[in-house]
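In: build me a model:
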Amino acid sequence: MALPLPEGLLFAGWMIALACAAAGGYAILAHRESSRPATMLRAGRYAVVVAATGLVGQAAWALLTVLVDR
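Out: Below you'll find the model as predicted:
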């Protein structure tokens with residue numbers, strides 16, 4: 001059974017944000033073994049910021065959806 005479009009987009013947004021958080025966390029943890037540690041650390045921080053922004057946006061969208069549907 002497929003999800004309706006708003007719920008499907010919300011789920012996809014959460015999955016993308018979680019993937020960014022995982023990639024960023026890995027980059028931050030693995031930056032010491034990298035040949036370019038500063039770049040790896042910077043990329044990890046950007047990925048975590050993108051993930052956090054995405055999660056906040058998804059939470060706001062979910063709240064707005066609930067409030068509008070009332």
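In: so what's the residue count around Tyr26?
Out: Each residue near Tyr26 was counted by other Cβ atoms under 10 Å, and the total is 13. Bear in mind the C-beta positions are built from the backbone N, C-alpha and C, glycine included.
In: which residue, other than its chain neighbours, is closest to it?
Out: Among residues not flanking Tyr26 along the chain, Gly44 sits closest, at 7.4 Å (Cβ to Cβ, 6 or more residues apart in numbering).
In: how far off centre is the helix or strand containing that neighbour?
Out: Using DSSP states H and E, Gly44 falls within helix 37-69. Put simply, helix 37-69 sits 5 Å off its chain's centre (Cα atoms, centre = their mean, to the nearest Å).
In: show me what it is packed up against.
Out: Counting by 3 or more Cβ pairs under 8 Å, 6 or more residues apart in numbering; DSSP states H and E, the packing neighbours recorded for helix 37-69 are helix 5-30.
In: which parts of the helix holding Gly44 are buried?
Out: For helix 37-69, burial by neighbour count (16 or more other Cβ atoms under 10 Å) applies to 40-41, 43-44, 47-48, 50-51, 54-55, 58.
In: which of the residues you listed lies closest to Asp69?
Out: Nearest to Asp69 among these, counting by Cβ to Cβ, is Gln58 at 16.4 Å.
In: the closest one: what's its closest spatial neighbour, skipping adjacent residues?
Out: Distance criterion Cβ to Cβ, 6+ apart; nearest residue to Gln58, sequence neighbours excluded, is Gly13 at 4.5 Å.
In: list of residues touching stretch 38-56?
Out: In this structure, residues lying in contact with stretch 38-56 by Cβ atoms under 8 Å, 6 or more residues apart in numbering are 13-14, 16-18, 20-21, 23-31, 34.
In: what do you get if the cut-off is 10 Å, keeping everything else the same?
Out: Residues outside stretch 38-56 that contact it (Cβ atoms under 10 Å, 6 or more residues apart in numbering) are 13-14, 16-34, 36.
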